[in-house]
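Visitor: Build me a model from this:
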Amino acid sequence: MRPARPSTLFCAFLTLLNDRLGESLIFPLLPFLLAGFTGDGRTLGLLTGSYAVAQFLATPLIGALSDRYGRKPVIAVCVAGSVLSLSLFSATIAFPWADAWPAAAAAGVPLALLFTARLIDGLSGGTAATAAAVLADISTPENRARAFGLIGVAFGLGFILGPALGGVLGQVNVNLPLLVAVGIAALNLVLVLLLLPETHPVEARIALPRKRELQPFTQLSRVFRNPQVRRLCGAFLLFFLAFNGFTGVLVLYFKQAFGWGPGLAGAAFLIVGVVATVVQGGLIGPLVKRFGEWRLTLAGLGFVISGCVLVPLASRDLARPMVFTAVALLALGTGLVTPCLRSLVSRRLDDSGQGAALGSLQGLQSLGSFLGPPLAGLAYETLGRTSPFWLGVGLLLLVASLVAGGTARRPGAMAAS
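Guide: Okay, here's the model as predicted:
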């Protein structure tokens with residue numbers, strides 16, 4: 001362990017903030033950015049999911065590389081990948097394909113470049129995990145929880161600033177938020193190269209594991225073979241599949257059903273950021289002590305289901321109050337479900353099973369984030385605009401059943417919660 005320098009904490013914090021800010025700036029604007037190329041929900045879903053699948057496949061390798069070669073070079077390469085991907089995405093959106101190169105536009109070159117940019121961003125998306133490793137390197141066991149608090153602060157701030165900046169700047173020029181994201185990532189890269197020291201000493205480095213150990217599906221198969229957590233991990237996967245599915249088409253629905261522009265779409269996601277930050281930053285601890293993880297998980301699922309029902313029921317005249325209420329409920333529910341479901345998995349394992357199982361939950365989250373948006377986009381185009389929300393409700397009811405059954409089967413589970 002090395003003593004924490006202000007530059008180390010600042011670089012780690014900026015890297016975490018950049019990781020979330022890049023996504024939260026762009027995501028609410030995707031349907032508007034793609035308007036010149038496609039308005040198809042299937043394409044939007046695939047583009048949203050492409051980032052997640054690339055991250056799912058690359059994250060185990062990125063973590064192993066940081067253990068073998070150090071944190072600084074891995075963070076630098078990942079942030080450079082973010083700069084490259086955002087620059088490619090921005091340039092593709094800004095280029096006048098129809099006038100300057102109509103043959104390429106007709107052949108689908110712009111969409112291919114956008115998918116390439118998202119895949120590069122996903123493959124280099126291990127910045128958050130490596131920045132968290134930096135915080136672990138410079139922390140003692142006694143203050144590690146406090147150091148890790150920076151992760152929640154950075155993520156919360158990213159979810160608040162991103163939609164706010166994206167909504168305001170997007171009304172000026174829809175490509176302007178992309179340029180800001182490129183600038184922030186470039187600044188992040190310069191500061192990492194100039195200020196971030198190496199926190200993982202040579203003597204602590206380990207060899208790369210076998211190729212089989214780096215395959216994400218190998219890790220996931222282990223957790224599903226454990227009968228203690230099988231149902232809860234299945235619930236975790238289905239929750240993120242459902243949630244990322246209907247949120248993947250949410251802005252497209254706002255645009256087509258209500259005629260909303262970037263400003264209102266950004267405002268909806270700003271509400272999500274504020275509520276999620278309040279819940280996970282200050283309320284979750286006291287709530288767990290008062291009600292327990294089991295009850296809070298089921299209550300959170302109830303909030304998410306309520307929000308999911310409100311969106312398709314909203315009329316054009318009442319869209320703002322109903323949608324803003326719905327997204328607040330979605331954020332509240334997700335802020336309860338995610339940490340509490342992780343905790344339920346943790347409590348059903350002994351110490352020897354913690355690392356592998358809890359590490360696999362991140363893989364399950366990424367897998368659900370990959371599968372959900374394309375499936376929701378397919379339903380949006382083939383079954384109707386509101387179908388992803390009603391399908392999401394069905395999946396969330398199944399999640400609630402798995403949580404209730406998987407937890408109740410353990411003797412004394414309710415009492416423990």
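
Visitor: The residue nearest to residue 325 when sequence neighbours are not counted sits in which helix or strand?
Guide: Leaving out its chain neighbours, the residue that sits closest to residue 325 by C-beta to C-beta, 6 or more residues apart in numbering is residue 310, at 6.3 Å. All C-beta atoms are positioned from the backbone trio N, CA, C, and that covers glycine. For residue 310, the enclosing helix or strand under DSSP states H and E is helix 293-313.

Visitor: list the buried ones in the next helix-or-strand element following that helix?
Guide: Going down the chain from helix 293-313, the next helix or strand is helix 319-347, by DSSP H and E. Neighbour-count burial for helix 319-347 flags 319, 323-345, 347 (criterion: 16 or more other C-beta atoms under 10 Å).

Visitor: try stretch 194-212
Guide: So stretch 194-212, judged by 16+ other C-beta under 10 Å, has buried residues 196, 199-200.

Visitor: would you turn those into TSV with secondary structure?
Guide: Formatted as TSV, the buried residues of stretch 194-212 follow (DSSP: H, G, I helix; E, B strand; the rest coil):
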residue	secondary structure
196	coil
199	coil
200	coil
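
Visitor: Just checking: the least confident one among the residues you listed is which?
Guide: pLDDT across the buried residues of stretch 194-212 is lowest for residue 200, at 84.

Visitor: Touching, that one and residue 70? I think so.
Guide: Yes - the pair residue 200 and residue 70 qualifies as a contact (C-beta atoms under 8 Å) at a distance of 4.9 Å.

Visitor: Same question for stretch 252-272: list its buried residues.
Guide: Buried residues in stretch 252-272 (16+ other C-beta under 10 Å): 252-255, 257-258, 260-262, 264-272.

Visitor: Restricted to strands, list the residues you listed.
Guide: In strands, defined here by DSSP state E, there are no members of the buried residues of stretch 252-272.

Visitor: which residue packs closest to residue 23, ignoring adjacent ones?
Guide: Counting by C-beta to C-beta, 6+ apart, the residue nearest residue 23 is residue 162, at 7.1 Å.

Visitor: Using the three-state scheme, assign the one you found.
Guide: Recorded secondary structure, residue 162: helix (three-state DSSP).

Visitor: okay but it is in contact with residue 21, surely?
Guide: Yes - assessed by C-beta under 8 Å, residue 162 is found in contact with residue 21 at 5.0 Å.

Visitor: can you tell me which of the buried residues of stretch 194-212 lies nearest to residue 385?
Guide: Distance ranking of those against residue 385, using C-beta to C-beta, places residue 196 first at 46.0 Å.

Visitor: So the closest one versus residue 138, what's the distance?
Guide: Residue 196 is 11 Å from residue 138, where distance means C-beta to C-beta, to the nearest Å.

Visitor: contacting residues for the closest residue to residue 322 other than its chain neighbours?
Guide: Nearest residue to residue 322, sequence neighbours excluded (C-beta to C-beta, 6+ apart): residue 314, at 3.8 Å. By C-beta atoms under 8 Å, 6 or more residues apart in numbering, residue 314 lies in contact with 258, 322-323, 326.

Visitor: Quick check: of those, which lies closest to residue 150?
Guide: Scanning the contacts of residue 314 for proximity to residue 150, where the rule is C-beta to C-beta, the winner is residue 326, at 30.7 Å.
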